[in-house]
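In: Quick check, what structure comes out for this input:
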Amino acid sequence: MIILYDVPMRFPQPWAPNIWRIRLILNYKRLPYRTAWVDFPDIEQTLISVGAPPTSFRPDGRPVYTLPAIVDPFGSPTQPIVLSNPAIIAEYLETSYPARQIFPEGSRAVQSLFVHYVQETFVKPLLPIMVPLTHQRLHERSQTHFPLRAATPQPAGPGAWRAVQEQFDFLAAMMDKNGPPDGDGVVAMGQDLTYADFAVCSVLIWIEKVAPHDGWVRVRQWNGGRWGQLWERCRGYMDVF
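Out: Modelled structure (predicted):
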């Protein structure tokens, strides 16, 4: 079966949005897989050992290895397919396992731009809140390897959640354009769950797992309860194997 590499908290529970995005796709496509837990200090050596390509390169040319990563033993007739970039993994899974598609015909470019916005803009105000909370829940080895001062450039101030809500309000206004009769206003492509929805829902899961009593209790009610509805739409694909 496919192996999905993930970073645990102090007990094996997934939290990372980029990795949840891939887990949701695997579950949605009903692909058999298992999770391999890797603490931050072990990521580079683990990925090198399985032949994963670097996720990116530093300015000095040194490779950077990050999760998610997958190993698909049936991806090639001669050898396993090993990938380590969430966008590349998503496209690979869609191409190799087209049943229950996440990229409806003609939507790949638009959805890729949508997900880029989620990654680069939508989540930015969340980082000063969520990174310190996540850091507290990591294993001690991972906390030491991933110092908090390097993880977040500024503390969360009184207006932190207000800045987060502004991004949610903007996204809600865009998705309102999918209202009846073209869609239900909850999912990005109008009617069915797609890659874009899994990108947003993975952020919701991060909040629900790491800040259930402060963050999730408020986020799920914003914009008329839209985000709680999207979370519920994805709930059937949140199993962890």
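In: how's the chain carved up into domains?
Out: Following automatic domain parsing, the chain resolves into domains at 2-96, 108-237.
In: ok, which stretches of the protein are strands?
Out: 2-6, 33-37, 56-57, 63-64, 69-72, 81-83 (DSSP state E).
In: In CSV, list those strands along with mean pLDDT and mean neighbour count.
Out: Yep, even glycine has a C-beta here, placed from its N, CA and C like the rest. CSV is the format used below for the strands of the chain (pLDDT from 0 to 100; neighbours: other C-beta atoms under 10 Å):
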stretch, mean pLDDT, mean neighbour count
strand 2-6, 98, 21
strand 33-37, 97, 15
strand 56-57, 94, 10
strand 63-64, 96, 12
strand 69-72, 98, 24
strand 81-83, 98, 19
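In: right, and these - which one's nearest residue 161?
Out: Judged by C-beta to C-beta, the one of the strands of the chain that comes nearest to residue 161 is strand 2-6, at 27.3 Å.
In: just the CA coordinates of that closest one, formatted as PDB?
Out: Listed next in PDB are the C-alpha coordinates belonging to strand 2-6 (Å, rounded to 0.1, in the frame of the first residue of the first chain):
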ATOM      1  CA  ILE A   2       1.000   3.600  -0.300                       C
ATOM      2  CA  ILE A   3       3.100   5.000   2.600                       C
ATOM      3  CA  LEU A   4       2.300   8.600   3.700                       C
ATOM      4  CA  TYR A   5       5.000  10.200   5.800                       C
ATOM      5  CA  ASP A   6       3.600  12.500   8.500                       C
END
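In: Tell me which of the strands of the chain approaches residue 166 most closely.
Out: Closest approach to residue 166 among those (C-beta to C-beta): strand 56-57, 29.0 Å.
In: contact partners of the closest one?
Out: When contacts are defined by C-beta atoms under 8 Å, 6 or more residues apart in numbering, strand 56-57 is touched by residues 63-64, 66.
In: Quick one: distance of that strand to the chain centre.
Out: Here strand 56-57 is found 19 Å from its chain centre; the criterion is C-alpha atoms, centre = their mean, to the nearest Å.
In: please renumber so the chain begins at 15
Out: Sure, I'll start counting at 15 from here, so that last one is strand 70-71.
In: in its sheet, what does that strand sit against?
Out: strand 77-78 (antiparallel) (DSSP bridges).
In: From residue 20, how far off is the nearest residue to residue 137 once chain neighbours are set aside?
Out: Of all residues not flanking residue 137 in the chain, residue 217 sits nearest, at 5.9 Å (C-beta to C-beta, 6 or more residues apart in numbering). As for residue 217, its distance to residue 20 is 16 Å (criterion: C-beta to C-beta, to the nearest Å).
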